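J.: Sequence and predicted structure below; questions after.
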Amino acid sequence: MRIAFLSVSAEMGGSETCLVQLVRAIRASDAAAMLHVVLPRSGPLEHAAREAGCDTHVLPMPASLARFGESGTRGFARTSAALLGAAVAARGYRRDLRDTLSAIAPDIVHSNGFKFHVLASRARPRTAALVWHLHEFVSPRPLTCRLLRHHVGSVDAIVANSVSVAQDASAALHPGVPVERIYNGIDLAEFAPAGDVADLDALAGAPPLPRGALRVGLVGTFGRWKGHEVFLRALARLQASTPLRGYIVGDALYETAGSQYSRQELERLAGALGIRAQVAFTGYVPRTAPVLRALDVVVHASTQPEPFGLVIAEAMACGRAVIASAAGGAAELVGEGCDALTHAPGDVDGLASALGRLAGDAALRARLGTAARATAEARFDAARFGAAFLDLYGRLMDHAMAEAR
């Protein structure tokens, strides 16, 4: 089996982490599989994919195409100009992608990211089956929706990372379009309650916390919908006597203009709220598991429905007490009061209340963490994740062979 994975980013966000995990799972199951990843530039994903047992191909993406995104454009004139520049760049890039894929000669082309879903629909070899792997909701993006609808007839399978994303895609693309749900997989040996622990204070250049103080953190990219402002405002509403420090772990990773906070913006907000001394910024940390084990409470605060919520699953696997924004795919992962606490998206008071509750109840934190690990073992095992995709690929290849007879 020869598979070409396409990634719209070279950084290590959620979908890229899942891609690497999928490569590892396939490699563990089928040592003879020929796996390739096509990236828009060199970056952390290139190194991670090679380590996982994948050949990599860097196909530089023009800046106008890389930066274009509906979340980053403002106003009709600017949107139109950006779209025109991206469309011109896409024509040449599609030719280069076609040549790259022809050289790889894959049985399966597995695309990640809306731009590559569209490009792959035009560039994939005729003999290759095309799989769109959806990590995001389609319906909030009218232009993307139209482009995907136009190309959906050329795709052989669509996979979504949650029931919420699957339902959204089926309704947005075309009623009745089949979308298969495969939850993301977690390496349960890497993401485990026991293991090495990151020194978050050293990473942030912050003084050590006094004994007994809690570490509460939000881990993720600086996307504006990831809830950093909600997290900071919730911290500011806690009583000053609550002994804890908030940690913001991550950075602005993506190239789409206007879609992310800068670290400076978040630092200014913490200062304006009067909590700058209680918040530590670590920057991007390559390995997430030691970070999660260093936290007493892991906060997920997305203000929009989350397609999946990888950090939720990873934190659960590490046996951490989790507070999740209960909407979209994230609401599918946890059970309120059973293996996590939840709050409504954007609800500062709700998040502050959950933080205060966990800060004052060590037994509750321990009970939630134990239950969370059990949930992760039952639902997010990487071997099950890989097996589901291998089954899908096998069905597509069998269908192709039957049609060729």
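T.: All right, it came through fine.
J.: Check which element follows the helix or strand bottoming out on mean pLDDT in the chain along the chain.
T.: Lowest by mean pLDDT, DSSP states H and E among the helices and strands of the chain is helix 76-104, with a mean of 75. Counting by DSSP states H and E, the next helix or strand C-terminal to helix 76-104 is strand 108-112.
J.: ok, that next one: who's next to it in the sheet?
T.: Paired with strand 108-112 in the same sheet, following DSSP bridges, are strand 2-7 (parallel), strand 129-134 (parallel).
J.: Tell me the buried residues in the helix or strand that comes right after it?
T.: Using DSSP H and E, the helix or strand that follows strand 108-112 in sequence is helix 114-123. Using 16 or more other Cβ atoms under 10 Å as the test for burial, helix 114-123 gives 114-121, 123. In short, each C-beta sits where N, CA and C put it, glycine included.
J.: just stretch 207-219 next, same as before
T.: For stretch 207-219, by 16+ other Cβ under 10 Å, it's 214-219.
J.: Now the strands paired with strand 108-112 in a markdown table, please, with extra columns for distance to Arg276 and mean pLDDT.
T.: Shown next, in a markdown table, are these (distance: least, Cβ to Cβ, whole Å; pLDDT from 0 to 100):
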| stretch | distance to Arg276 | mean pLDDT |
| --- | --- | --- |
| strand 2-7 | 36 | 98 |
| strand 129-134 | 38 | 98 |
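J.: Kindly reformat these as JSON lines containing distance to Leu188 and mean neighbour count.
T.: Below are the strands paired with strand 108-112 laid out as JSON lines (distance: least, Cβ to Cβ, whole Å; neighbours: other Cβ atoms under 10 Å):
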{"stretch": "strand 2-7", "distance to Leu188": "23", "mean neighbour count": "24"}
{"stretch": "strand 129-134", "distance to Leu188": "22", "mean neighbour count": "24"}
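J.: shaky segments in the stretch 101-250 of the chain?
T.: Within the stretch 101-250 of the chain, no stretch has pLDDT under 70.
J.: for it, what spans make up the helices?
T.: Counting by DSSP state H, counting those that start in this stretch, the stretch 101-250 of the chain has helices at residues 114-123, 142-151, 163-173, 200-204, 228-237.
J.: now the third one against helix 142-151, angle please.
T.: By that I understand helix 163-173. 70 degrees (axes from the mean of the first three to the mean of the last three Cα atoms, to 10 degrees).
J.: coming back round to it: of all the helices of the stretch 101-250 of the chain, which one is nearest Ala301?
T.: Smallest distance to Ala301 across the helices of the stretch 101-250 of the chain (Cβ to Cβ): 4.6 Å, for helix 228-237.
J.: Please spell out which residues along that closest one are buried.
T.: Of the residues in helix 228-237, 228-236 count as buried by neighbour count, 16+ other Cβ under 10 Å.
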